[in-house]
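Novice: Coordinates only, no sequence provided:
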């Protein structure tokens, strides 16, 4: 649905595409560009799309979103650098992408250093994704503190970052795991890696040398230990791994115990993914279940309401899961501080229940016919688009200033912040009392306009402000295109 608003009256025209159905706040579309992979770290998310692009969102203090900043991004941003991406994955505050050419790209903690001297971002500039030159012809990646790359010929390489040199700089180290042959996928589990071969057999190999207190190096003695057979998929999180067998049942494996155990109560399973102390289960009927396996002996798998017609699931190292609906919609759900990152609003979606939300499309901005970009994050609150004042107002010709009110006797003599937005001979003012009071050209008016503070910035409701100032505005929710001013 594309909304267009002109003038103070806020006249709304809705141009409805027959390919869309707008239900319960979700926009669903049979889109040519669909998610092909997703994943997340502790508080950020990633998605790879069928056009080869990558998007990132969420907690970003280490540059793990991939936009070259350390600003939290509540609406996905397109990641610069990797192209033709087929798989994305994350570990804690690090992000990784695998391309169709077998290249591996990395960004985030230790991969995206702080960059000094940027005029626009003197304290928040981070490095963009970098290609890992020591990895070629890769078919699958399994990130961890010690990450695993499975090559197209079935061999595998361990890679990790460590300090090196007299200056103590961070470098990437690589070690070929000589005993691994015919591998299809892998899972990094504690100080071990599990490898699934094309015959459905799973074997383990140690990746950390406890004697020397370091990751294994080429030439270290190493052996493959059989783990299980008739396995179709694997997933892992820290020290725990889960193996899906051909009969739809699930085995667990812990890197400390190194024994497989049957997971009771699970059958008819089609796919698996994992989060911190939780297992995400896609059943053959298209429903998704979650098992918080570290919540006590009485914890049982429960169905996540609102997830139906699902064809794939992905996990994170946090408490967030991702699911692909058969119509191409990418959904996210979770618990804790970062549960609502994908929704555009940042905070937990619900304190009482797990509520799946649609992952928002990245936004593109066109102001008076010209492309505009800005570092700070826009947000979506109550289905409305908000922007920071350092975003589109200056290109639009809107002058934004702020000050304080006189002491207000009705509020015990307190002074309140006032925002002024001037455009075309008109001045819109917002007094930040509770409730906020809106003025147009010095006279109070009735308005739903409400300024918020989120994503480390003051956020302004774009539709209300442009409507009151008479500025053309449109937001295409399907494509993420936002158009302001004269086209």
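Specialist: Ah, there it is. Predicted model, so just to flag it, every value in this text is computed and none were measured. Numbering: from 1, shown residues only.
Novice: what separates the longest helix along the chain from the chain centre, distance-wise?
Specialist: Secondary structure of the chain per DSSP state H: the longest helix is helix 462-469. Counting by C-alpha atoms, centre = their mean, to the nearest Å, helix 462-469 is centred 29 Å from the centre of its parent chain.
Novice: What helices and strands are in contact with it?
Specialist: Counting contacts by 3 or more C-beta pairs under 8 Å, 6 or more residues apart in numbering; DSSP states H and E, helix 462-469 is packed against strand 2-6, strand 384-388, strand 417-423, strand 426-431, strand 473-476, strand 481-484. Where C-beta positions appear, they are placed from N, C-alpha and C, glycine not excepted.
Novice: please redo it, this time with the cut-off set to 7 Å
Specialist: In this structure, helix 462-469 makes packing contacts with strand 2-6, strand 384-388, strand 417-423, strand 426-431, strand 473-476, judged by 3 or more C-beta pairs under 7 Å, 6 or more residues apart in numbering; DSSP states H and E.
Novice: Can you name every helix or strand that the last one contacts?
Specialist: Using 3+ C-beta pairs under 7 Å, 6+ apart as the contact criterion, the secondary-structure elements in contact with strand 473-476 are strand 2-6, helix 462-469, strand 481-484.
Novice: How about the fourth one?
Specialist: Helices and strands touching strand 426-431, by 3+ C-beta pairs under 7 Å, 6+ apart, are strand 417-423, strand 437-440, helix 462-469.
Novice: if you compare the ones you listed, which one is most tucked away?
Specialist: Greatest average neighbour count among those goes to helix 462-469 (a mean of 22), per mean count of other C-beta atoms under 10 Å.
Novice: Could you list the residues in contact with that helix?
Specialist: The set of residues that contact helix 462-469 without belonging to it, under C-beta atoms under 7 Å, 6 or more residues apart in numbering, is 5, 7-8, 10, 384-387, 398, 421, 423-424, 426, 428, 440, 447-449, 473, 484.
Novice: quick one: it to strand 426-431, angle?
Specialist: Angular relation of helix 462-469 and strand 426-431 on a 0 to 180 degree scale: 130 degrees, by axes from the mean of the first three to the mean of the last three C-alpha atoms, to 10 degrees.
Novice: what angle sits between helix 462-469 and strand 384-388?
Specialist: Using the same axes, to 10 degrees, one finds that helix 462-469 and strand 384-388 are set 80 degrees apart in direction.
Novice: Let me know the average pLDDT across helix 462-469.
Specialist: The average pLDDT within helix 462-469 is 97.
Novice: From residue 415, how far out is the residue in the chain sticking out farthest from the centre?
Specialist: Ranked by distance from the centre of the chain (C-alpha atoms, centre = their mean), the top residue is residue 409, with 46.3 Å. Computed as C-beta to C-beta, to the nearest Å, the residue 409 to residue 415 distance reads 12 Å.
Novice: Also residue 135?
Specialist: Counting by C-beta to C-beta, the gap from residue 135 to residue 415 is 58 Å.
Novice: who has more neighbours, these two?
Specialist: In this view residue 135 and residue 415 are compared by other C-beta atoms under 10 Å, and residue 135 has more residues nearby, 21 against 12.
Novice: Grab the nearest non-local neighbour of residue 378.
Specialist: Leaving out its chain neighbours, the residue that sits closest to residue 378 by C-beta to C-beta, 6 or more residues apart in numbering is residue 387, at 4.8 Å.
Novice: Name the residues linked to the one you found by a beta bridge.
Specialist: Legend: beta-bridge partners of residue 387 under DSSP bridges are residue 460.
Novice: okay, now it: neighbour count?
Specialist: Residues near residue 387, counting by other C-beta under 10 Å, number 24.
Novice: I figured it was touching residue 461, is that so?
Specialist: No: counting by C-beta atoms under 7 Å, residue 387 does not reach residue 461; the two are 8.6 Å apart.
Novice: What's the end-to-end length of stretch 218-225?
Specialist: The straight-line separation of the ends of stretch 218-225 (C-alpha to C-alpha, to the nearest Å) is 18 Å.
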